[in-house]
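In: what's the 3D shape of this:
(chains A and B)
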Amino acid sequence: MEFFERFAIPHPSPAIYASMVAIGLVSIGIIVGLTYFKKWGYLWREWLTTVDHKKIGIMYLFSAILMLFRGGADAIMMRAQLSTPDAKLLDAQHYNEIFTTHGVVMIIFMAMPFIFAFMNLVVPLQIGARDVAFPRLNALSFWLFFAGAMLFNISFVIGGSPDAGWTSYFPLAGNDFSESVGTNYYMIAIQISGIGSLMTGINMMTTILKMRAPGMTLMKMPMFTWSAFIANVIIVFAFPVLTVALLMGTTDRLFGTNFFTTTNGGMDMLWANFFWIWGHPEVYILILPAFGLYSEIISTFSSRNLYGYKSMVASMVLISLLSFLVWTHHFFTMGQGALTNSIFSITTMAIAVPTGVKIFNWLFTLWKGKIRFTVPMLYSVGFIPLFTIGGVTGVMLAMSAADYQYHNTMFLVAHFHNTIIPGVVFAMLAGLTYYWPKFFGFMLNERIGKWGFWLLTVGFVLAFFPMYITGLDGQARRMYTYSEATGFGPLNLVAFFGAALMAIAFLTIVYNIYYSFKNSPRNIGSDPWDARSLEWATHTPVPEYNFARVPQVASSEAFWDMKKKGHQLFKGDFKKIHMPNNSGVPFIMGMIFFLAGFSFVFALWIPAVISLIGIFVCMALRSFEKDHGRYISIEEIEETESKLGGAK
Amino acid sequence: MKIDHSQPLEYGTDQNQLNILGFWIFLGAEIMLFATLFTAYFTLEGRTGSGPTPGEIFEITPVLFETLLLLTSSFTIGLGVHAMRLGRKNAMLTFFTITLLLGLAFLGVEIYEFMHYYHVGATYQTSAFTAALLTTLGTHGGHVTLGLFWGTFIILQVKKRGLTPETANKSFIFSLYWHFLDVVWIFIFSFIYLKGMM
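Out: Take a look at the predicted model:
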């Protein structure tokens, strides 16, 4: 019995028991369903073992949407608790757990897979490649992300959620103040998915540097590919810092070392510095690909080429450098002195300059353009003013002296949601709507999509703008309640309604997928938006090999110039195509990583060692394996091409 | 598989070139990993709590041995890659084996060193300084250990399959990894040991 007691949750509530039952029922439902419809083989062959970047992208996409609802449920609970003064819906501990998981889930397990989804789906197609550089590593990246996400998500039903905030500052996150295994989950789940992210970074950088179609010089790459490239460079340099910090945090908690303790020489500020040396660039890992998507969408629906291509690239390079030089602005008030604070104030404000350049480039692209207000375009146009407001309040926060007033208030919460939601979430929804026809073969319904956009935008403004005011009035963040005398009540109620509207908006967007799946016409052709870059030059749905013939690129908008100026993209005859074989190893490794992570969380050393050996056995087997992939014959290509409606 | 014979064997195919570039990028990430560890070490170096200081526990003799062993192994793996380019499989295998034996000896001395730290009361839990020291050394040592297994697998493959573009590629990438560990050790030697003993 004692063995099982450690898996019990320390702060149970009816909501958690209900979730347990729900998780159990859904799992049983999935297993029974798969068996009943005899889909196990299909699942294994087509998805679990796949190394196709498009399928991996789709798996990232669905995981991200799933996690959006997990993190969104947390958000709704928080706003409900704060909607009235002295509410009793959640207790302090439960509230701590919820804002911690909300932050981690949204950044690590929602936003990251969302951008990886687009990198996987779009980058190889935009550069005219058959696949990424290391297809199996790519599958492994996904399964590591998935293992980390699942590990993190079971924390609230087995052993307890982390409760020290998404930044997990020590000594609060140490064993003394955070007694449950929750923070172990935090350290280990993020570690596992972080390794996956690092591998994606290496993979994508290699792909973009080495696998571009003939003629596509770096300065002819589509803007999304550029943004993905810069983001991956940031990943490769930022994630190892997190790896080390998490490792040290884990040993502090599991082995009693003294990195971040307050005794025996430990230094809690070291964690804060390491966390934000990763954490600040992380913001740009998320936002740059979002900017890339906006650039594609704005230029497509303005029917103009992107204004200031070179300045777009230069500004992204500059942002990526500056992103590593501003981390201290996350803790201006933690005592590093006026000089340090001033330096970081200035570097922080400097980021506004290249970001401003990009905003003006988008505005100049719209200028005199023939604008079509489709759903992706609505998100992109809505993004510009909303994100600018978020940027302006960012400059306010960047003034370190003034930050002593705002810090740890709802003003800050309003600011970063005001950048991340229009910046990243809007971009992901815009990208989702824009690329949906390419990967699923039907359009999402425009009318329902517009409803989704307006509900989300209005909900967003109602949810977060009141927080600027309550924040300036002194409402602290991370507080589970407040008294009526503070007068924060009415504005928080408005924020709750806003959050509820946002929830309805997300449900509308998901309903749109269902509705369009049922009702949208198929056979929409390969280029339904009249778009400009290479991914629209191949068939819909995209065949396994992407392009039957490798495209020959002569300009930065090769596909547009093919349509308008008669450039020839595809020349010569079909040749046989080399493709990698599917493999079950990445999936199995992901599952072993999950077991290893779980064992470490609960300090179960025997299974932990066994799983680690399992991981090394997988690596050794891979080393000895002889797998040179396979070839798709010319007849096969001709057959597929004619089935998809004529050769491209 | 298309082999480009104007290139050295390890660069001969498209996939080989991808592998080598990808590995260089991976080494970039490794540099950040060790840079972070060094940062932690320098930050925590003086924070010894009630435990020993660097000067009290460092001993020059085993460290010199370790340095000698690892630096020599970097030289021998260079000879191994040179032999590989000349197509001399047996010479290459010999040099790779010597490299791994030197690595093994390095690891032996390091284990002796860790036991010494344990005996003089500088354990993992003693202070922030000891934790940072043992983590930095241990991460490097862990890399060497992994390298020993990896190198062994590669030797077995070259022995069985001969020098193909694939095995040559793997051997070359492994040599990059091994040289990298050597570079990291030079930093450890200079900025952890020598600085600590001064």
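In: ok, and the closest non-adjacent residue to residue A:87?
Out: residue A:81 (5.3 Å; CB to CB, 6 or more residues apart in numbering or on different chains). Just so you know, the C-beta spots here come from the backbone N, C-alpha and C atoms, and that holds for glycine as well.
In: neighbours around the one you found, how many?
Out: A count of nearby residues for residue A:81, using other CB atoms under 10 Å in any protein chain shown, gives 21.
In: kindly report the same for the one 10 residues further on.
Out: Residues within reach of residue A:91, counting by other CB under 10 Å, total 13.
In: check what pLDDT it gets.
Out: pLDDT recorded at residue A:91 is 90.
In: which residues does the closest residue to it other than its chain neighbours contact?
Out: In this structure, residue A:91 finds its nearest non-sequential neighbour in residue A:480, 7.3 Å apart by CB to CB, 6+ apart. Residues in contact with residue A:480 (CB atoms under 8 Å, 6 or more residues apart in numbering or on different chains) are A:81, A:82, A:90, A:91, A:92, A:95, A:96.
In: nearest residue to the residue in the stretch 301-450 of chain A positioned nearest to chain B in space, please, no chain neighbours.
Out: Chain B sits closest to residue A:324 of the stretch 301-450 of chain A, with a gap of 10.5 Å, by CB to the nearest CB. Nearest residue to residue A:324 in three dimensions, chain neighbours excluded: residue A:281, at 5.8 Å (CB to CB, 6+ apart).
In: mind listing what the one you found touches?
Out: Contacts of residue A:281 by CB under 8 Å, 6+ apart are A:234, A:237, A:238, A:320, A:323, A:324.
In: same thing with residue A:11?
Out: Contacts of residue A:11 (CB under 8 Å, 6+ apart): A:91, A:93, A:94, A:97, A:160, A:180.
In: repeat the analysis, applying 7 Å as the threshold.
Out: A:93, A:94, A:160 (CB atoms under 7 Å, 6 or more residues apart in numbering or on different chains).
In: and the gap between residue A:400 and residue A:435?
Out: 41 Å (CB to CB, to the nearest Å).
In: the more surrounded of these two?
Out: Ranked by neighbour count (other CB under 10 Å), residue A:400 and residue A:435 place residue A:435 first, with 25 against 22.
In: give the contact list for the more buried one.
Out: A:121, A:122.
In: what helix or strand is it on?
Out: In the assignment (DSSP states H and E), residue A:435 maps to helix A:426-440.
In: what do you get for residue A:395?
Out: Assignment of secondary structure by DSSP H and E places residue A:395 within helix A:375-398.
In: and the contacts of the helix or strand following that helix?
Out: Per DSSP H and E, the first helix or strand lying C-terminal to helix A:375-398 is helix A:400-406. The set of residues external to helix A:400-406 that reach it, using CB under 7 Å, 6+ apart, is A:332, A:333, A:341, A:342, A:345, A:396, A:397, A:412, A:471.
In: tell me which of those residues fall in strands.
Out: Among these, no member falls in strands (criterion: DSSP state E).
In: report pLDDT for the residue lying closest to residue A:23 once chain neighbours are set aside.
Out: Nearest non-adjacent residue to residue A:23, counting by CB to CB, 6+ apart: residue A:157, 6.4 Å away. At residue A:157, the model reports a pLDDT of 90.
In: show me the contacts for residue A:157.
Out: A:9, A:16, A:19, A:20, A:23.
In: would you mind listing what in chain B touches chain A?
Out: B:1, B:17-18, B:21-22, B:25-26, B:28-29, B:32-33, B:36-37, B:40, B:43-44, B:47-50, B:124-129, B:131, B:135, B:153, B:157 (CB under 7 Å from any CB of the partner chain).
In: which among those end up buried?
Out: Buried subset of those (neighbour count, 16 or more other CB atoms under 10 Å in any protein chain shown): B:17-18, B:21-22, B:25-26, B:28-29, B:32-33, B:36-37, B:40, B:43-44, B:47-49, B:124, B:126-129, B:131, B:135, B:153, B:157.
In: can you tell me the closest non-neighbouring residue to residue A:465?
Out: Nearest non-adjacent residue to residue A:465, counting by CB to CB, 6+ apart: residue A:414, 6.9 Å away.
In: wait, that neighbour sits on residue A:464?
Out: Yes - taking CB atoms under 7 Å as the definition, residue A:414 is a contact partner of residue A:464 at 4.8 Å.
In: now the strands: where do they sit in chain A?
Out: Shown for chain A, the strands assigned by DSSP E span residues A:577-579, A:630-632.
In: so who does residue A:352 touch?
Out: Per CB under 7 Å, 6+ apart, neighbours of residue A:352: A:391, A:395.
In: surely residue A:550 is in contact with residue A:213?
Out: Yes - using CB under 7 Å, residue A:550 makes contact with residue A:213 at a distance of 5.8 Å.
In: shared neighbours, the two?
Out: residue A:128.
In: neighbours of the residue nearest to residue A:455 when sequence neighbours are not counted, how many?
Out: In space, and not counting its chain neighbours, residue A:455 is closest to residue A:505: 3.6 Å by CB to CB, 6+ apart. Residues near residue A:505, counting by other CB under 10 Å, number 21.
In: distance check, residue A:505 against residue A:452.
Out: 5 Å.
In: from what I can see residue A:599 touches residue A:609, true?
Out: No - the criterion here is CB under 7 Å, and residue A:599 misses it with residue A:609 at 8.4 Å.
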